[in-house]
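sequence isn't available, so here's the structure alone:
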């Protein structure tokens, strides 16, 4: 039996927080999880939006390919980059043909800081979309984004991953907004503050937020930063 | 630039428990984590032991390929089968050559029940080895087994995965032995019993262990069984 060749591709789900495009339920914070997508310029699925990615180059590791996806769509260094899962069903949203061989996609997921989440390289075919309101995606990319969102929510509960979405210095209110944006529900400010302070994963910098006249909130930094950057 | 083809392989780390080959530190239970390996019959790494696996077939999913590895080495159905990680460094223990193209390995890990862990298909090139005393392995398979062992230990702490290594009905002493074998340390029987009963993941069957005359221990079954088999 002649084996049909299988191509290896690497795709990356890149999460960042942005203000929601439209006013939302005011029980939620002022940020929403967004991700950059790339519009396909050839068949199959011409014109559809897809995760940044492409064939693995012969001289790069999987992780290097994921970083290339990030550079090509946002021009940014991630604060978190981790392998998500490898998707390899026989038909993934498009029948394999001699012209379009079967693709196995190794998928990474990444976090970028809030202040830069809206940045994209100058390319009309790259745009950020809210994770909760995506256009129809190419191939099985809706399923892949669903996996990544679940991983993000699960990891949020038992790691300090939310710090990777924030600037170097942040208020506890901003940190709570990140959690609210990812979990999609409001958190009690006093309870949240107690819980975060009990973990010992943030430390006050001694400074306060600029531009706030009356009782400016204290700024904190992550004490788990080193772990995040590896 | 002509891209060198990248081959997709699927390998599977299969864990089962067996009595240790040699007497061990008597602080440990009577079982040790073992895995089946396959001796290579061609270059590169001729004669070395390797994880069961091989190229992905064009007509099978990644998971189906992992099941094929299991059938080919143990002839058994796993009680747990899960994707571990995809390994895709540019050189993985052997330089890529035109004759031996670069391989990206999607690795699964599986659990099989204790009573059948010693079973292998009739093949002189397949044998079970203790995870803590492996022969030199081909390619980067030592690194891969290390990842799988860490995942097994981590998962043990927050899931009911240990049930997947036991027969349908088991005593709490047997369950403790499984945990001791994986964690590599002795657990206090009374504390262990309390902790397991508190989780509500096991239920007494009403029967007792056969062949024990004096106060035979009660048999339990997993109430998390369905989840394990998916």
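That came through fine. Because the structure is predicted, anything quoted here is derived from the model rather than measured.

any weak-confidence spans in chain A?
A:1-4, A:21-29, A:95-100, A:115-119, A:158, A:225-230 (pLDDT under 70).

I figured residue A:30 hits residue A:114, correct?
No. The criterion here is CB atoms under 8 Å, and residue A:30 misses it with residue A:114 at 10.9 Å. For glycine as for every other residue, the C-beta is placed from the backbone atoms N, C-alpha and C.

all the strands of chain A, residue numbers only.
A:6-18, A:32-39, A:49-50, A:53-55, A:80-87, A:102-111, A:126-130, A:169-170, A:202-208, A:218-222 (DSSP state E).

now for the last one, which elements pack on it?
Based on contacts counted as 3 or more CB pairs under 8 Å, 6 or more residues apart in numbering or on different chains; DSSP states H and E, the elements that strand A:218-222 packs against are strand A:169-170, helix A:172-183, strand A:202-208.

one step back: can I get the strands of chain A in JSON lines including mean neighbour count?
What follows is those, written out as JSON lines (neighbours: other CB atoms under 10 Å in any protein chain shown):
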{"stretch": "strand A:6-18", "mean neighbour count": "24"}
{"stretch": "strand A:32-39", "mean neighbour count": "23"}
{"stretch": "strand A:49-50", "mean neighbour count": "19"}
{"stretch": "strand A:53-55", "mean neighbour count": "18"}
{"stretch": "strand A:80-87", "mean neighbour count": "20"}
{"stretch": "strand A:102-111", "mean neighbour count": "24"}
{"stretch": "strand A:126-130", "mean neighbour count": "16"}
{"stretch": "strand A:169-170", "mean neighbour count": "20"}
{"stretch": "strand A:202-208", "mean neighbour count": "12"}
{"stretch": "strand A:218-222", "mean neighbour count": "19"}
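
now the end-to-end length of stretch A:132-143.
13 Å (CA to CA, to the nearest Å).

now check it, is it near chain B?
No. Judged by CB under 8 Å from any CB of the partner chain, stretch A:132-143 and chain B are separated, with a smallest distance of 12.2 Å.

ok, residue A:30 and residue A:114, which is more surrounded?
residue A:114 (21 against 14; other CB atoms under 10 Å in any protein chain shown).

Provide a list of residues in contact with residue A:93.
The neighbourhood of residue A:93, defined by CB atoms under 8 Å, 6 or more residues apart in numbering or on different chains, consists of A:45, A:138, A:139, A:140, A:141.

try it again at 7 Å.
Contacts of residue A:93 were listed using CB atoms under 7 Å, 6 or more residues apart in numbering or on different chains, and they are A:138, A:139, A:140.

and chain A, which of its residues are near chain B?
Residues of chain A found near chain B (CB under 7 Å from any CB of the partner chain) are A:3-6, A:8, A:56-62, A:83, A:85-86, A:88-90, A:102, A:104, A:106.

how about a cut-off of 10 Å?
A:1-10, A:55-65, A:83-92, A:96, A:101-107, A:158 (CB under 10 Å from any CB of the partner chain).

for chain A, longest helix please?
Determined from DSSP state H, the single longest helix within chain A is helix A:141-158.
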